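Enquirer: Generate a structure from the sequence data that follows.
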Amino acid sequence: MSDTAIKESEAKQFGQKVESGTSDSSQMTRQKYEDAKMELQDLLGRKKQVDANLVNLETHIYLFEGSYLEDTQNTGNIIRGFDGYLSNRVDKKKQKHTELDRLFSLSSSTYQKALALADEKDQESSQDDRSTYSSESLSMRKDKKRKLKLIDGSRKKKRFDSIERDSEEEGE
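Expert: Numbers count the residues shown, from 1 in each chain. Sure thing, here's the model as predicted:
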């Protein structure tokens with residue numbers, strides 16, 4: 001065999017190896033892409049779950065904090081002080097706690113975000129509820145509301161009339 005024939009046969013073999021190498025590498029690249037895509041989907045699902053857990057935890061903290069502030073408003077608490085323990089008088093007018101008294105909720109960096117996420121979910125669910133009602137059911141509900149208003153109005157009128165009669169009888 002001549003040198004050119006040997007070179008051509010080597011080139012063919014090399015060319016075939018390169019072609020099979022590119023198809024193997026493209027398959028490997030495709031497989032890596034699919035694996036990365038699946039891993040990303042799993043991680044995004046876990047992130048959503050962690051966010052939902054965080055929102056629930058923030059809500060529980062908010063509720064516990066509110067119950068603590070309500071339970072200790074007469075005697076005192078760590079936020080407003082314990083002056084109620086020193087004075088033995090009971091205030092007729094209860095001091096309501098304000099949002100500024102919520103030390104734990106306000107100190108959380110994720111609390112506002114949790115509230116925003118909860119509001120978004122509520123709005124989405126209410127929009128879904130509105131879109132599921134047909135126009136017939138909406139008109140039926142409106143009619144029912146009108147009837148209830150009429151009934152409620154007639155009850156109020158009857159009560160008002162009976163009060164007038166009672167006052168007239170007392171005046172006689």
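Enquirer: Name the next helix or strand downstream of the helix or strand harbouring residue 104, please.
Expert: Take DSSP states H and E as the rule and residue 104 turns out to sit in helix 103-107. Downstream of helix 103-107, the first helix or strand assigned by DSSP H and E is helix 111-132.
Enquirer: quick one, helices of the protein?
Expert: Taking DSSP state H, the helices of the chain run over residues 3-71, 83-86, 103-107, 111-132, 135-171.
Enquirer: could you say what helices and strands the longest one packs with?
Expert: For helix 3-71, the helices and strands in contact under the criterion 3 or more C-beta pairs under 8 Å, 6 or more residues apart in numbering; DSSP states H and E are helix 103-107, helix 111-132. To be clear about C-beta, it is placed using only N, CA and C from the backbone, and glycine gets the same treatment.
Enquirer: Make TSV out of the ones you listed and add mean neighbour count.
Expert: Formatted as TSV, these follow (neighbours: other C-beta atoms under 10 Å):
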stretch	mean neighbour count
helix 103-107	13
helix 111-132	12
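Enquirer: for those helices, which one sits closest to residue 44?
Expert: Minimum separation from residue 44 across the helices and strands packed on helix 3-71 (C-beta to C-beta) falls at helix 111-132, 15.4 Å.
Enquirer: quick one, what contacts residue 25?
Expert: Applying C-beta atoms under 8 Å, 6 or more residues apart in numbering, we find residue 25 in contact with no residue.
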